[in-house]
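Trainee: Whatever this is, show me its structure:
(2 chains)
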Amino acid sequence: MTEPANRKGPSPFIQNSTLQYAWDSTSLTALMTCAKKYEYEIILGYRPRGDSVHLFFGGLFAKALEHYHLYKASGRAHDDALSSVVDEVLQKTWINGGPWDSGHSKKTRETLVRSVIWYLDTYKEDAAETVILENGKPAVELSFQLGTGIQINWFVEHDAPHEYILSGHIDRLVSFNGDIFVQDQKTTGTTLSPFFFSEFNPHTQMSLYTLASKVVFNAPVQGVMIDAAQIAVGFTAFSRSMTMRSEDQLNEWLINILAWLRQAEFYAREHYYPRNESSCHKFGGCPFRNICSKSPNVRQAFLDTDFETTNPWNPLETR
Amino acid sequence: MIDETTLATIFSKPPPFTEEELKIVIQKYRENREQFLSGAKVVKTKAKAKAAGVGPSINLDDIEL
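Mentor: Predicted coordinates for the structure are as follows:
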């Protein structure tokens, strides 16, 4: 029987099962795309070798912006805060005695530093301002765990979780034109067109962030302000768009999630995660397509060669 | 104008970085950004000139955007 890979932090799975009780948008999206992809990626923790470039680049970019907003909220001037985050990025990209070599043509140490500087200068006089929470702290780097009230249909020990939890990490809450939005940064190599932004509705992460912000942070959030950065070889371009969610849409989304959680219970009970063969070629192609297309008796060898399990995804890992 | 060699030198040295080095990095990328934005403006200018039926003999700087 499949067993969840060991991972940093508390396990998001019910003990002695493959039933996940703590979900985030990454694990929900994997489940919705294909149960087999979910099994490989989330339960077993497989990631393509070299895939970490995008996570590393995007993570550092988001962290630099988060720190900048914290420094600004504390009263520091733009240039002073910018200098600090550039320093942090340069230090964090000095790895094992040398500069980070991403092996990627667009996402490099140099384009990361460039993107941070260009973004913060572009939005230096931003009309979107950081919200100050009721506790007086700036609404930056907000991790959340939201109890759904959805009962787990599984035998659990007395001290084990009995309801599903939704978790996540919000970059920032901003006030803009009198309304409050979650702000989320995206980095991409593709052109920032209306088509790019159209993919964010419907979208699990955007709906989750909107719902969580309303409930956990008690903020009248209207939706998500997406700040996108196109990382090219010679430039970084920026664009901003909003994706809105009504109360009805959020209620409907939660009902939708309930259906998917019951589906996850079925897969865990049956000890089987079927392939969704209509998803194999979507979104640039599933990374596990070359695994599923192999004969079952050789798949493990290809998994061991082309994938790594050094850092399995964990919705409960704090940042 | 800060030359590429100066920037490359900073990028190839280990931390910590001095305040002056950080200023140089930021200034260099600001210069790059200005060049990029100027290039984009030239493209827009030429596109508008073409749309207006203006030939290459006209000084593009005389065209009001």
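Trainee: ok, which residues in chain B are in contact with chain A?
Mentor: Residues of chain B lying close to chain A (Cβ under 8 Å from any Cβ of the partner chain) are B:11-12, B:14-17, B:19, B:22-23, B:25-26, B:29-30, B:32-33, B:36. All C-beta atoms are positioned from the backbone trio N, CA, C, and that covers glycine.
Trainee: Scan those and report the most crowded one.
Mentor: Each of the residues of chain B next to chain A was scored by neighbour count (other Cβ atoms under 10 Å in any protein chain shown); the top score is that of B:Val25, with 25 neighbours.
Trainee: Please tell me I have it right and it contacts A:Leu90.
Mentor: Yes. B:Val25 is within contact range of A:Leu90, at 7.5 Å (criterion: Cβ atoms under 8 Å).
Trainee: Could you tell me which residues touch both of those two?
Mentor: For the pair B:Val25 and A:Leu90, residues contacting each of them under the criterion Cβ atoms under 8 Å, 6 or more residues apart in numbering or on different chains are A:Val113, B:Phe17.
Trainee: Double-check that A:Leu142 belongs to a strand.
Mentor: Yes. Assessed with DSSP: H, G, I helix; E, B strand; the rest coil, A:Leu142 lies in a strand.
Trainee: that older thread, can you tell me which of the residues of chain B next to chain A are in helices?
Mentor: B:Phe11, B:Glu19, B:Leu22, B:Lys23, B:Val25, B:Ile26, B:Tyr29, B:Arg30, B:Asn32, B:Arg33, B:Phe36 (DSSP state H).
Trainee: Give the residue spans of chain B that score low on pLDDT.
Mentor: B:40-65 (pLDDT under 70).
Trainee: need the contact list for A:Ser167.
Mentor: A:Ala22, A:Trp23, A:Asp24, A:Ser143, A:Phe144, A:Gln145, A:Leu146, A:Pro315, A:Leu316.
Trainee: If we only consider the residues you listed, which is nearest to A:Ser105?
Mentor: Using Cβ to Cβ, A:Asp24 is the member of the contacts of A:Ser167 that lies nearest A:Ser105, at 30.1 Å.
Trainee: Before we go further, A:Asp171 is sitting in a strand, right?
Mentor: Yes. With the criterion set as three-state DSSP, the secondary structure at A:Asp171 is a strand.
Trainee: Test my guess that it contacts A:Phe61.
Mentor: No. Counting by Cβ under 8 Å, A:Asp171 stays clear of A:Phe61, with 10.4 Å between them.
Trainee: residues shared between the contacts of these two?
Mentor: A:Gln185.
Trainee: before we move on, back to that, next, give me the two most distant ones among the contacts of A:Ser167.
Mentor: Using Cβ to Cβ, those span at most 14.5 Å, a distance reached by A:Trp23 and A:Ser143.
Trainee: Between these two, which has more neighbouring residues?
Mentor: The neighbour comparison of A:Trp23 against A:Ser143 (other Cβ under 10 Å) goes to A:Trp23, with 26 against 13.
Trainee: Tell me who's in contact with the more buried one.
Mentor: Taking Cβ under 8 Å, 6+ apart, one finds A:Pro12, A:Tyr164, A:Ile165, A:Leu166, A:Ser167, A:Ile257, A:Leu261, A:Pro315 in contact with A:Trp23.
Trainee: just those residues now: which is nearest A:Trp94?
Mentor: For the contacts of A:Trp23, the residue nearest A:Trp94 by Cβ to Cβ is A:Pro315; the value is 30.0 Å.
Trainee: Can you tell me the closest non-neighbouring residue to the closest one?
Mentor: Spatial nearest neighbour of A:Pro315, excluding adjacent residues (Cβ to Cβ, 6 or more residues apart in numbering or on different chains): A:Asp24 at 3.7 Å.
Trainee: do the same with A:Phe176
Mentor: Taking Cβ to Cβ, 6+ apart as the measure, A:Phe176 lies nearest to A:Ala128, with 4.4 Å between them; neighbours along the chain are not counted.
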